[in-house]
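Enquirer: output the structure for:
(2 chains)
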Amino acid sequence: MNQGGKFTSLEFKIFCSTHGISRQLTTAYTPQQNGVAERKNKTLMNIVRATLNERQVPKAFWPEAARWCVHVQNRSPTSAIEQKTPEEAWCGEKPRVDYF
Amino acid sequence: MAYEELHHTMHDEVWFLDSSCSNHMTRNKEWFFEFKEGLCKTVKHGNNTTMIVVGKGSIRVRVNGFTQAISDVYFVLELKNNLLSLGQLQEKGLSILIQHGSCKIFHPKKGLIMHTDMKGNRMFYVIASTATKNLMCMQANTTSDQETHLWHCHFGHLNYKGLNTLTCKEMVIGLPPLKVQHRICGTCLIGKQQREPILKKCLWRASKQLQLIHADICDPITQSSNNNKRNILNCIDDFSRKTWIYFFCKRNLRR
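Expert: The predicted structure is shown next:
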């Protein structure tokens, strides 16, 4: 999680401490420390732009595209885990993709 | 047919400028940098003898300090002297001026590229050494690999091309002609390396679900959605790499 007001609210702090979550904040203005999340962001937005552009969908529909992207990404291979898709690693079942 | 007794060692490098020969000819195969064999042709001489043209190609020679490429040169084994056909030169767009006891050849763009004075028996010829030979001889004169490297270091690891420019254009005094270097300078490579390489595999990975969640809020997207949302919060589970995203209007998590 990064610094700079995003995750530093008091509410969130209290929520974390009451639920036994430890926070690891990155140094401000060093997105490099949050590589995984930042990289995912980039991949996501790339797909969003690509899909919206392909079908000439108005840009205002980006959240819909983003939702779908995440859905697909969770069912796509990733270098971080082998032989499984994130979805399978999460719930232990092979995901169905026949409805795509 | 022109013929002249010359000192034997020079013999190969003499090219007679001949207006009555139909094609450039040489008997020295080593000069060709591009060569095609099997040309079924003969050349006829003034005394009605014929010689077989073994092949045809292009040569590169150094005349008056300039390197010239000459194409369509016949390779004739029995030939005694190299011949440069003035007619053929003229076909390439060159102008030939023979006047006041000298012969000058002009290139339409480069200007004067060759000139020679009339020799004793009213002959015109040029001394042309092969460019390849010349290179080899230059290399023999140049300094050793080690010295070149030393100069590279002297100049604060200046690239070899830069060193070469300095020598070729005589921009400095006291720099010896350096050898073409293909050695890679390790120090230079280290100097170019600004940071440690990023590890492909991270040092620690979560061993179970929800142990570590990467989270980030992306920068506001310029085009707000139909529901006026402008930000994405993404959460990635480190173990499974499953991603969730949430949308919200603005950064209302501020302290």
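
Enquirer: assign a three-state SS to B:Glu37, would you?
Expert: strand (DSSP: H, G, I helix; E, B strand; the rest coil).

Enquirer: just B:Gly156 next, same as before
Expert: B:Gly156 is classified as coil under three-state DSSP.

Enquirer: ok, B:Leu150 next?
Expert: With three-state DSSP as the criterion, B:Leu150 reads helix.

Enquirer: pLDDT score for it?
Expert: Taken from the predicted model, the pLDDT recorded for B:Leu150 is 83.

Enquirer: show me what from chain B comes close to chain A.
Expert: If contact is defined as Cβ under 8 Å from any Cβ of the partner chain, the residues of chain B in contact with chain A are B:205, B:209, B:214-218, B:221, B:223-227, B:229, B:232, B:234, B:236-245, B:247, B:251, B:253-255. In short, each C-beta sits where N, CA and C put it, glycine included.

Enquirer: which among those count as buried?
Expert: Of the members of those, the ones counted as buried by neighbours, 16 or more other Cβ atoms under 10 Å in any protein chain shown, are B:209, B:214-218, B:221, B:224-225, B:229, B:232, B:234, B:236-243, B:245, B:247, B:253.

Enquirer: tell me the residue furthest from the middle of chain A?
Expert: Here chain A reaches farthest from its C-alpha mean at A:Thr18, the gap being 24.7 Å by Cα atoms, centre = their mean.

Enquirer: how about that one, phi and psi?
Expert: With angles defined as degrees, to the nearest 10, A:Thr18 shows backbone torsions of phi -70, psi -20.

Enquirer: do the same with A:Asn74
Expert: Phi and psi for A:Asn74, reported as degrees, to the nearest 10, are phi -70, psi -20.

Enquirer: number of nearby residues for the nearest residue to B:Thr165 once chain neighbours are set aside?
Expert: In space, not counting the residues next to it along the chain, B:Thr165 is nearest to B:Met171; the distance is 7.1 Å by Cβ to Cβ, 6 or more residues apart in numbering or on different chains. Burial of B:Met171, expressed as a neighbour count using other Cβ atoms under 10 Å in any protein chain shown, amounts to 9.

Enquirer: go on, B:Gly38?
Expert: Residues lying near B:Gly38 (other Cβ under 10 Å) number 8.

Enquirer: which ones are touching the closest residue in space to it that isn't next to it in sequence?
Expert: By the measure of Cβ to Cβ, 6+ apart, the closest residue to B:Gly38 outside its immediate chain neighbours is B:Gly55, 6.7 Å from it. Counting by Cβ atoms under 8 Å, 6 or more residues apart in numbering or on different chains, B:Gly55 touches B:Phe32, B:Phe35, B:Lys36, B:Glu37, B:Gly38, B:Leu39, B:Tyr74, B:Phe75.

Enquirer: against A:Gln24, how distant is B:His214?
Expert: 10 Å (Cβ to Cβ, to the nearest Å).

Enquirer: what's the spacing between B:Cys21 and B:Phe35?
Expert: When B:Cys21 is compared with B:Phe35 (using Cβ to Cβ), they lie 20 Å apart.

Enquirer: what do you get for A:Met45?
Expert: 59 Å.

Enquirer: try B:His157
Expert: Taking Cβ to Cβ as the criterion, B:His157 is separated from B:Phe35 by 41 Å.

Enquirer: now do B:Arg27
Expert: 13 Å.

Enquirer: quickly list what's touching both of these two.
Expert: B:Phe75.

Enquirer: who's more crowded, the two?
Expert: Comparing B:Arg27 with B:Phe35 by other Cβ under 10 Å, the one with more neighbours is B:Arg27, at 18 against 15.

Enquirer: which residue is the nearest non-sequential neighbour of the more buried one?
Expert: Of all residues not flanking B:Arg27 in the chain, B:Leu79 sits nearest, at 4.1 Å (Cβ to Cβ, 6+ apart).

Enquirer: please report phi then psi for the one you found.
Expert: Note on B:Leu79: backbone dihedrals following degrees, to the nearest 10 are phi -70, psi 140.
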